[in-house]
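[1] Sequence and computational prediction follow.
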Amino acid sequence: IAKLQEALARTQQASTTNRLSERNCVELVFQLLEKNAIELVHTCDGREYLHPKYFEKEIRDELIVQGGRVNLVDLQQAINVDLTHVESAVHNIVKHDGRLVLVQGELIDRDYLDGVAEEINETLQAAGQLSVNELVKSFGLPNDFLLSLIESAVGTTIKGQLDRFDRGKLFTDSYIARQKAVIRGAFSAIMRPTPVSTIIKRFGFDEQLVYSVLQELTGENRILGNVQGRQDRALFVPEIFTRTQHSTVMSSFQRNGFIEFDTLTRLEIPDASKFLQRNLMSGTEKPLMLSTVAVAPSLVSQVDAAIEDAINSHTWIDVATLLPTPFTAADCQGVLEHCLKKRRRDVAHIFCEQYLASDQFVQNCGQLFKDTMHVKAEKYAAAKVTEDAASRSMAASIGEGGGRMDRKEERKRKAQTAPKSAASGSGGANSREVKGQKSKDKKATGSRKRGGRGDADVDDAPASGGGGGGAEFKVLEFLSVEKISETLSEKVDELDEEFAGELAIFLHRPLTRSYQEVARSVFLTSTSAAGASRRQHNA
């Protein structure tokens, strides 16, 4: 080694006899570059060449000088190399060195990022909470990149934690513990449903922190209650309030046998149907859900027994007197329809939404009009028979008057033809013609007389037949609805006026049809008797 060092020293001290000029050196470098014998990077002014390894060393040195973070544009100006070569070299360095990263045109060292994490931790410990957006503005780094840096440093360099719902919030453990204690105390004191936003505004809580802490504390049963709805309309319902609701509803339902939906509304139960299905539908005996109330099976059984008794005794009941006062007419009808589902549809009828009458009772009410119906039918038949007799008498008188007019015209015609017969002489065809005409006139007169009586008989037949037809009876009305209602009120004890009115409407059509049939039958009987009497008189 000592001999080599001496040889090197002699070589360095020796004077050169042949030296290359600068021009020759440039031409030599160009020839080497053309033959790809060497790889160099020239500066922007072309006065210098840099070897790639030396170029990368210059980049690393400049990064250290800039504190671990340098912009590529500033790097290009410092080294005086074209930006394209700088970018290519930087990408190559980042590819082979895991401690360097390229972020939006900036080359950053891992040491610089560690320093950023330490600075964030110092600021966080002083403030208790930080916003990632504020840190982005402070450090000039992209949001996603800085958030990934924070997530990797939380629990090590950064003594804190990110919000589980809003990753843009950073808290210290001590700050979260203090806030958790305050939140727990505030929500434990609530006795009725309260919007979460109201609590946040009153105590100045961080909104996202409140929802994450609430979910944690309610899940651990450290706060007894639950949060309903989304964050913007979230409602905290304490468990004591829910228990009070449930006990009030159940005690009222068991005591009264029903519960009004208005009662649930006053207890601040938003969906009464869902609440009842969740709390009352779980047993074997499910309540009957009506328009405004929910009814216990025991109360429905009482009404069902009363209906059965009314059907068996052929009477009627007012279900409103069997049900509590809060039941509306629609509720009464709902109970009646429910009880009638297991029976035949024709055993009973509902009137005015609250009255139930057995079918036999309705038929008995129709029988009350039987005597009135026959009396009215007989009066109608008598008047009709009298009217038909008068019509026949008038037709007969008109027929006789027509016969007398025909005889007068015959005499006039004979008087006009007699002189002509005499002038033409006795005997001959004319005299035979006159005799033939006389005989024809006699036949015609006789036929007209017989025809007159025949027409009367024919007129009688349609009259009788017309009376026996059903067309004129189809327009007959027995009694008006008002008259039927009055009659029912008079003859049936304790019949309510409104009930009587609907019952009258129900009976009006069948009573009218029955009356029409009775009137037709009585009229045909009367007409047959009158016809037999008339034929006996003519004989």
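    Structure's in. What do you need? Predicted model only: the values in this text are computed from it and were never measured.

[2] okay, CA-based contacts and neighbour counts for the rest of this
    OK.

[3] What count of nearby residues applies to I307?
    Look at I307: counted by other C-alpha atoms under 10 Å, it has 24 neighbours.

[4] Going forward, count from 48.
    Let's use 48 as the start, then, which means that last one is I354.

[5] quick one: which helix or strand includes it?
    I354 is part of helix 344-359, with elements assigned from DSSP states H and E.

[6] And that helix, what does it pack against?
    Judged by 3 or more C-alpha pairs under 8 Å, 6 or more residues apart in numbering; DSSP states H and E, helix 344-359 is in contact with strand 363-365, helix 376-387, strand 402-405.

[7] And those: which comes nearest A395?
    strand 402-405 (4.1 Å; C-alpha to C-alpha).

[8] Buried residues of the next helix or strand after that closest one, list them for me.
    Towards the C-terminus, the helix or strand next in line after strand 402-405, according to DSSP H and E, is helix 406-414. Of all the residues in helix 406-414, those buried under the rule 16 or more other C-alpha atoms under 10 Å are D406, Q407, F408, V409, C412, G413.

[9] now stretch 290-308
    By neighbour count, with 16+ other C-alpha under 10 Å as the criterion, the buried positions of stretch 290-308 are H293, V296, M297, F300, G304, F305, I306, E307, F308.

[10] now stretch 376-391
    Neighbour-count burial for stretch 376-391, with 16+ other C-alpha under 10 Å as criterion, is recorded at D378, C379, Q380, G381, V382, L383, C386, L387.

[11] From those residues, pick the one nearest R277.
    Top of the list for closeness to R277, among these and by C-alpha to C-alpha, is D378 at 36.4 Å.

[12] How about the contacts made by that closest one?
    By C-alpha atoms under 8 Å, 6 or more residues apart in numbering, the contact set of D378 is L337, S338, T339, V340.

[13] got CSV for these, with secondary structure, distance to I197 and neighbour count too?
    Supplementary listing: the contacts of D378 in CSV, determined by DSSP: H, G, I helix; E, B strand; the rest coil; distance: C-alpha to C-alpha, whole Å; neighbours: other C-alpha atoms under 10 Å:
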residue, secondary structure, distance to I197, neighbour count
L337, coil, 60, 18
S338, coil, 59, 14
T339, coil, 58, 15
V340, strand, 59, 20
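
[14] quick one: which of the helices and strands packed on helix 344-359 is nearest H421?
    Using C-alpha to C-alpha as the criterion, the shortest distance between H421 and the helices and strands packed on helix 344-359 is 25.9 Å, found for strand 402-405.

[15] what sits up against that closest one?
    Taking C-alpha under 8 Å, 6+ apart as the rule, strand 402-405 contacts 354, 357-358, 361-367, 383, 394-398, 546.

[16] same check, this time on stretch 110-127
    Everything outside stretch 110-127 that qualifies as a contact, by C-alpha under 8 Å, 6+ apart, is 90-92, 105-106, 109, 129-130, 133-134, 152-159.

[17] Generate a ChimeraX selection restricted to the buried entries among these.
    The following ChimeraX selection, which keeps only the buried ones among the contacts of stretch 110-127, applies the criterion 16+ other C-alpha under 10 Å:
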select :90,105,106,109,129,130,133,134,153,154,155,156
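
[18] shaky segments in the stretch 298-447 of the chain?
    For the stretch 298-447 of the chain, the stretches with pLDDT under 70 are 328-332, 435-436, 438-447.

[19] what about 90?
    Counting by pLDDT under 90, the low-confidence segments of the stretch 298-447 of the chain come to 298-304, 308-336, 338, 343-345, 388-393, 418-447.

[20] Which helix or strand lies directly C-terminal to the helix or strand of the chain with the lowest mean pLDDT?
    Confidence across the helices and strands of the chain bottoms out at helix 475-515, with a mean of 36, counting by mean pLDDT, DSSP states H and E. Later in the chain than helix 475-515, the nearest helix or strand by DSSP H and E is helix 528-538.

[21] can you count the residues close to S360?
    Here the count is done by other C-alpha under 10 Å, and S360 has 12 residues near it.

[22] should've said T241
    16.

[23] Mind pulling the model confidence for it?
    What the model reports as pLDDT for T241 is 89.

[24] wait, it sits on F283?
    Yes - because the distance of 5.4 Å satisfies C-alpha atoms under 8 Å, T241 is recorded as touching F283.

[25] How much space separates K423 from L554?
    Distance of K423 to L554, computed by C-alpha to C-alpha, to the nearest Å: 17 Å.

[26] Quick check: closest non-adjacent residue to V179.
    Counting by C-alpha to C-alpha, 6 or more residues apart in numbering, V179 lies nearest to G215, which is 5.0 Å off, once chain neighbours are set aside.

[27] one step back: of the contacts of strand 402-405, keep whichever come out buried.
    Listed as buried from those are 354, 357-358, 361-367, 383, 395-398, 546; burial here means 16+ other C-alpha under 10 Å.
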